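Asks: Turn this into a model:
(chains A and B)
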Amino acid sequence: MSEYTGGFFIYTTIISIIIGILFLFGTIFDKIIAKIGIRNIFRRPINTIIVVLGSMVGTSLISGSLAMSDSFNKVELQTAYKYFGEIDYQIEFFDSKISQNFKNTQTFISDEDVQSFYNFGKKIDLDGSVAILSKSISTQTESKNGETELIFSGNAISMDYEKIGNFGREKTNFNLIRSVKKDFVIITEHVAENLDLKIGSEVIIFNDKSEKKTFKVEKIYKEDGAVGINFGQTFFLNEEDFRNFFEIKSGWNSILASNNGDVLEGDKNFEKNQKEISSFFSNKTYSTKISGIKHEIIEFSNGLNEISYIFLAFSIFGIFAGILLIINIYSMLSEERKTELGIMRAIGFTKFQLLRSFLYEGMIYSTLASFVGIFVGVGIAKFSLNGFQNIFNNIENSTGSKIGIEIDLAISFKNMMISFNTGLILTFFVTIFAIWKITKLNIVEAIRNIENEKPKLNYLFELKKIGRKLLKSIKFFKLISAMKNFIELLVSATKPLVGFFIIFLGIFGFFTKSPYLTFTFLPLSATIFFNFLAKKIFKKEIISGIGNGISVFLTIFLVQNISFVKENFNSSDASKFLTTYFLLIMNLLFFLTVFVLNSTNIFIWIIGTFSKKWSKFFATTLISLKYPTKNKTRTGLTFLMFAVVIFAVVAQKIIVSGTVNKELSSATEIFGDYDGSVYFSSPKIVENFEERIRKSKNFSSYPFKKIKKTSKSYFEVSQINESKKIDYFDYLSTFNKDLIEKNLVLESKLDENLNNKEELEKILNSENMVLVGSNYSKNFIDKGYENQPKKRERREKFEEDLKLELFSLKAGDKIFLKNGDKHFEFIVGAVVFFDSKNFRAIENGISGIFISEEVFENLKIEKNEVIYQFKTKDDESLSQLNKNLQKEFNKNSAIISITSIQIDLIRTIFNSILEIFESFMLFSLIVGIAGVAIIAYRSIFERRQQIGLLRAIGFSKNLISLGFLIEFSSLAIFGILIGVISGSISSYLVISANESLRGVPYPTSEIVSMSILILLSSLFFVVFPLIKISKLKPVEALRYYE
Amino acid sequence: MNQIISVINLKKSYFAGNSETEILKNINLKIESGEMIAIMGRSGSGKTTLLNCISALDSFDFGKILIDGKDIQKLSDNKKSHFRAKNIGFIFQSFNLIPVLSSLENVLLPLLISGMNQKKAKSLAEDTLKKVEMFEKKDSKPSELSGGEQQRIAIARAIAGKPKIVFGDEPTGNLDSKTEDLILNLISELNKNENLTFVLVTHSQKVADFCHKIVKIEDGKIV
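Replies: This is a model prediction of the structure:
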C-alpha cells in the first residue's frame, strides 16, 4: 500500500498544515470571531458530540482500514523473515521447459555452472549465492518403548557450506548449520518437537529409494531467518553424507541468492536482478525457475491486504453517511442561531465574519474528531483483526494443524497521519459547503426568524450581480461566491436543454449500440420525459413516479435483454463488468429513491383507504408523510444513507454467502457418500491403514464401514511418442468411481453404443486404456472459456509457448507416460468431466489421468501419494473420529479431512469474514442512524410553531409524537426497502448472468431480521426527540421562541 | 342568547428569574353565544395571554374558565386537545397553514382529528372552502397563495368543524387594508349566517369596529 500512499501523505499533510495555519492566524488576528466560534462549541454539548461523531467517521474508517493493512503487513514481514531471512531468490533447474516442482524431477547443474553463477552474482551486485542440494525424505524414530512407528516427511538439505560465509549481510543464521558433521544431522525446533528428538537422539532417514540411514542429532535451532527454509521441516546434512545417501556424485539442484538490499524494505533492484539471473540461464540446456520467494510470500499475503482495501471501499458508504450528518447538523445549527446571526449582521458583522465564526468552530470539531477517529478506527481494526485471528484459531482447532499466524495490531505513523489529515480535510470542506447558506441570510427575516423564501431568478439581474462580484473579487471568498452564483445561474438557465441532451444521449447510445451511454442515459431519459409530463402537462406528481418506475424496469430490461449491455454485464473483463454493475447499482438506488419521493400520494391514498375508520391516524399519517417531501433532497439523501449500507449487506448475503452455502450444500456431488479422507504424502508412512486403526489405542472400536484407497504417481506425459521430450507433468491416479459417479459424464467415448456406466467399466477393466481429465479436452476448454476471451487468450499463449499438443485429446488417442526409467503407452478411453450446476469449482475442470486400482498395481511403480477415503459406521461421532485420527496420525504429517467438519469450517470462516464486514458497515449505519436522530431534532426545532398549531387545532401530544414516529420510521423503512430491493435485484441479475450461480436461495430470514434490527435501532434514537415533543407546551410552541 | 364563555377571577403570573410579573389580574368576563368580541390593548397588556387561557392553550394560576359550562382547567392535556378539536377554531396573524399540505388537506385536518370519517370530512371541507370562496384553489399549496387567500383557508380551517368559538389573534395583522376589509366582511358574514362566536385579539380599530363588543385590557385588567 505504501507506494500508493506516499504522494497522498505529502499532499494531505500540506493541506492540513495550511488549515492549521489558517486557524492559528484566525485566533491571533480574528480574535473576536474566533472567540464566538469557540464559545459556540460549549453551548449545546449534545450537538458537539454529534458533530464530532459525524466528523470522525471518515478518520476512523480510514485509520481502521490502514491499521488492518499495517497489521497484515507486519504478519507478512514476520512470516517472510522467519522462513527466508535474507534469501531473495531460489533458482531451481529442470530438464523440461515446464517448471513444475514435482518430486523426482529435479536436474542437477554442474559445479562449473554454479561457480560461474557465483562470479556473475558479484557483477550484478548480489549479496551472496549458495548452491544447495535438496531431497524429500521420510523419517523414522525409535520411541522410548522401542517401537518405531512415527514417520514424518520433510526435506533433507545440504549446502555448498564453503560459500555460506559470503551469504547476506548478517551471516549468523547460516553459521548455525555450516558445522554439520558426518553422520550427524542439524534439525529445526519444529522437527524436534514433532519427532520428540533431543540433541544426541537418533533418527532414521529414508531416501527416495526407501533405503535408510541412521543419523544423530547434532544441534537443534530455531527456524528463524534463512535457516527456516522449507517452512522449518528441514534436516541439514553434511554434503558428503548427502551425496552418498542420495547417490548424487556432483552438481546441485538449486541456488539460493541474496540481493544487496531487501525486497521487504522496498528493494528496487529486485526485478532488475531477477531478469539478469534469468538471462544468465537462458542459453543453458536445462530450464530454470527463479522464485522471488519472499516477494511471492508478500504477493500471496497481499490477498490478506486486499481485504483492507475492501474495507476501505466499504468505508465510502460510512463516509457518505458522515458527510450527510455534518451537513444536516450545520444546517440545524445555522437554523437554530438564525435570530442571533441576523442580529449580528444588523450590528455590523459581515457575512464572511459569520462564516468564519462557524469555520473556526468547525475546525475545532474536525481536529477533535480526527483525534478521536484514530482511536475509534484502531479499535475497529483491533476488533476486525480479532475476528480474523479467531478464523485462524478455528482452522487450527478444526484441522489440528498449526498455522502459527499471530496478528498483532499495528499502525504506522504515516498511515495515522493520512487518516488524521483526510478526516480533517474532508470535514473542513464539508463544513464550508454546509455553512455557505449563511452568506445568503436575509437580515430582517433572520431577526424575525422567518423561513427564507427562495426568489425567482432574474437572469439579467443575477448576471449583473455576478459581474459586480467578479470585478470586486480580489478577496478569495468573494471570487468563490461569484463562481458559485455563475454555476447556479448556468444550471438554472440550461436545465431544459440538459434534459433534452440527456434524452438525446440515451437514444443516440441505443442506436449506436454504446453500452455505457445507453445504460447511463436511456433509463434517465424516461425519468426526465415523465417529469416533464408531470410538471408541464398533467400537473400530477404521480406521473413522475410512473417515470421512475419505468426507469427501474428499463434498467433491468437493458441488462437482461439488450445484447450490447448484456455482453458487458456478463463479461469476464473485470472493468467492463464492474462499470456496468456500478451503473446498475446507481440506477437502481437513484430511481427507486425518486420513485418513493414522487409516490408519496399513492402511499397516502393506500393508508387512507385502509384507515377509513381511524381518521385521527390518517390525519397524523398525512402530515408525517407529507413533511419529508418538503425537502426532497434531504429526504432522498437520508433514504440513500440507509440504502447504501443495507444494499452492501444484502448483496453480500445473496452473492457471497448464498453462493458459498449453495456450493457447500452440494458436497455429496463430489464426495459421494464418503465421510472423509486421510492423506499421506508417501505410501511408506502407513503400510496398512486398516490394521493400524484396528490396533490403535486411540480408537475404542473400529470406526469404518468402508475404506477405499486411492494412489497417485507423478509422470511425465507426452502425446507423440516415448522418445519425445516431455510435454507435461501430471499424476496417474487410481479411479474411485464411487466419488463422482453421480455427476460423471464421459465425453467422446470409444464405443458410442455403450452408456456412461458400461463404457467406464470397460475402460477400467482394460489394461491399456485410461480416462483423462477434462483439462485435456479442447471441447471442454472451449466451453469453459466461452465467455472469457482474455482467459482463453492466455491459455492459448501458454500452449503455444510450450508447444503443447496435449490439450486436445479425444477417445482413441495415444498417450505416453514416463516414470523414472519406466515407459508406458495408453489409449485414451474417454475424457471425463463433472456435470454439476451447483458446484462452481468444477468449472476449473478435472486434471489427472485415471486407471483402475488393479492396473495401477500391475504397473509396479513407486506411489507418491495415498488417500484413504472412508465411510463411517452409523453410530460414529464424526467430531470424535476427527480427534482420534488427529491424535493417531498427527506426527505422520497426514492430512485428515472430514467432509462435514470441513464444510462447517468453511461456513464458519465465511460467516466470520462476513460478520467482520457487517460490523464494519454497521459502524457506518450507526452514523446513518445518528443522522436520522439529527433530522428528528432538527425537524422538531424547525416545526415548533406548526406543532403549536396542531396542538391548537386539537392534536394531542401522543398524536404529535405518533406523527413524528411515523415520519422517522418511514424514512428508515423506505431507506431499508430501497437498499433491500436494489441489493436483491442487482444480486439476482448477477446470479442469473452466471449459470453456475443459479438457484441461490434468498436469505429471507437474515435480511428481514437485519432490517428489523436496523429499524428498531433507528427508532431508539428518535425516542429522545419524541420525549422533547411531549414536553412542548402548545402556547410556547406557537410563540416561536427558543 | 346563552353564555358561552365565563371567565371568573382569572389570575396568571410569569416568572423571570426571581421576580414575578402578574400578567392577568383578576379578570372577569362573560361572552354570549353568537357574539363577536374584540379584545384590545397595548403590547404586553395581557390580551394574547387571556386569549391563550380562554382557548385552553395555556394554563393559569387562579380562577375559573367555563366554556359552554365546562371548566377547562379541570381537563387533562389529552381531553383539552379533544375539546379544542370539537369546540374551538383558531385564526392566526401569520396564517400558520401547514406548508406541505394543500388547501383542502389543511381544512380537512381538524375534521379528521375530531374523529369525523374521511368521506364526510372531505365533503364538509369542500363546502367550507366554497363558503370562503376558495374551492378553486383546493389543490394549491400555501406557498402558491396570496396572504389574503391563505387567511381565507385559515378561516375555513377554523370554521369547518362548526366550532362553538373561533379565536383570532391579530387575524388581519399581516394583510393590506383592502384584503383586511375582505377578511373582516367574511368573518362578519360567518358570525351572522352561522351564528359563530368570534373572539378577536387586535390592535386595529377597524377590526374592533366590526365587533359587537370591545374588551379593553390594560396592565392585566379589564378597563
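Asks: In chain B, what residue lies closest to chain A?
Replies: residue B:85 (2.4 Å; Cβ to the nearest Cβ). Where C-beta positions appear, they are placed from N, C-alpha and C, glycine not excepted.
Asks: Correct me if wrong: that residue contacts residue B:113.
Replies: Yes: under the criterion of Cβ atoms under 8 Å, residue B:85 makes contact with residue B:113 at 5.0 Å.
Asks: neighbours around the closest residue to the residue of chain B closest to chain A other than its chain neighbours, how many?
Replies: Of all residues not flanking residue B:85 in the chain, residue A:954 sits nearest, at 2.4 Å (Cβ to Cβ, 6 or more residues apart in numbering or on different chains). Neighbour count for residue A:954, taken as other Cβ atoms under 10 Å in any protein chain shown: 29.
Asks: Identify the contacts common to residue B:85 and residue B:113.
Replies: Counting by Cβ atoms under 8 Å, 6 or more residues apart in numbering or on different chains, the common neighbours of residue B:85 and residue B:113 are A:953, A:954, A:955.
Asks: what would the residues you listed look like in JSON lines with distance to residue B:157, pLDDT and secondary structure?
Replies: Output for the shared contacts of residue B:85 and residue B:113, formatted as JSON lines (distance: Cβ to Cβ, whole Å; pLDDT from 0 to 100; DSSP: H, G, I helix; E, B strand; the rest coil):
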{"residue": "A:953", "distance to residue B:157": "7", "pLDDT": "81", "secondary structure": "coil"}
{"residue": "A:954", "distance to residue B:157": "11", "pLDDT": "81", "secondary structure": "coil"}
{"residue": "A:955", "distance to residue B:157": "13", "pLDDT": "84", "secondary structure": "coil"}
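Asks: Residue A:182 is in contact with residue A:240, isn't it?
Replies: Yes: look at residue A:182 against residue A:240 with Cβ under 8 Å: they come within range, at 6.3 Å.
Asks: Packing partners of the helix or strand hosting the residue of chain B closest to chain A?
Replies: Here residue B:85, judged by DSSP states H and E, is contained in helix B:77-87. With contacts defined as 3 or more Cβ pairs under 8 Å, 6 or more residues apart in numbering or on different chains; DSSP states H and E, helix B:77-87 has these neighbours: helix A:957-993.
Asks: starting at the chain centroid, how far to the helix it packs on?
Replies: Chain-centre distance of helix A:957-993: 27 Å, with Cα atoms, centre = their mean, to the nearest Å.
Asks: Any idea how many residues pack against residue A:45?
Replies: 9.
Asks: Just to check, residue A:286 is in contact with residue A:93?
Replies: Yes: using Cβ under 8 Å, residue A:286 is in contact with residue A:93, at 5.0 Å.
Asks: Between those two, point out the one with more neighbours.
Replies: residue A:93 (21 against 16).
Asks: and that one, which of the three is it?
Replies: Recorded secondary structure, residue A:93: strand (DSSP: H, G, I helix; E, B strand; the rest coil).
Asks: Show me what it is bridged to.
Replies: residue A:288 (DSSP bridges).
Asks: Look at it and report its pLDDT.
Replies: Here the pLDDT value assigned to residue A:93 is 75.
Asks: ok, now residue B:217?
Replies: Value for residue B:217, per-residue pLDDT: 90.
Asks: Skipping its backbone neighbours, what lies nearest it in space?
Replies: residue B:41 (3.8 Å).
Asks: Can you check which helix is longest in chain B?
Replies: Taking DSSP state H as the criterion, chain B has its longest helix at helix B:177-194.
Asks: so what secondary structure elements neighbour that helix?
Replies: Against helix B:177-194 (3+ Cβ pairs under 8 Å, 6+ apart) you get strand B:36-41, helix B:147-159, strand B:197-202, helix B:205-210.
Asks: Output those as JSON lines; include the columns mean pLDDT and mean neighbour count.
Replies: Listed next are the helices and strands packed on helix B:177-194 as JSON lines, based on pLDDT from 0 to 100; neighbours: other Cβ atoms under 10 Å in any protein chain shown:
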{"stretch": "strand B:36-41", "mean pLDDT": "91", "mean neighbour count": "22"}
{"stretch": "helix B:147-159", "mean pLDDT": "88", "mean neighbour count": "24"}
{"stretch": "strand B:197-202", "mean pLDDT": "90", "mean neighbour count": "25"}
{"stretch": "helix B:205-210", "mean pLDDT": "88", "mean neighbour count": "16"}
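Asks: circling back to that earlier point, my read is that the residue nearest to residue B:217 contacts residue B:218, right?
Replies: Yes: using Cβ under 8 Å, residue B:41 makes contact with residue B:218 at a distance of 6.1 Å.
Asks: Distance of the nearest residue to residue B:190 once chain neighbours are set aside relative to residue B:125?
Replies: With Cβ to Cβ, 6+ apart as the measure, residue B:196 is the residue that lies nearest to residue B:190, at 5.4 Å, once sequence neighbours are left out. Separation of residue B:196 from residue B:125 (Cβ to Cβ, to the nearest Å): 17 Å.
Asks: Residue B:200 now?
Replies: Distance, residue B:200 to residue B:125, by Cβ to Cβ: 23 Å.
Asks: circling back: quick one: common contacting residues for residue A:182 and residue A:240?
Replies: With Cβ under 8 Å, 6+ apart as the test, residue A:182 and residue A:240 reach no residue in common.
Asks: average pLDDT for the longest helix of chain B?
Replies: 84.
Asks: Which parts of that helix count as buried, going by neighbours?
Replies: Buried residues in helix B:177-194, defined by neighbour count with 16 or more other Cβ atoms under 10 Å in any protein chain shown: B:179, B:180, B:183, B:184, B:186, B:187, B:190, B:191.
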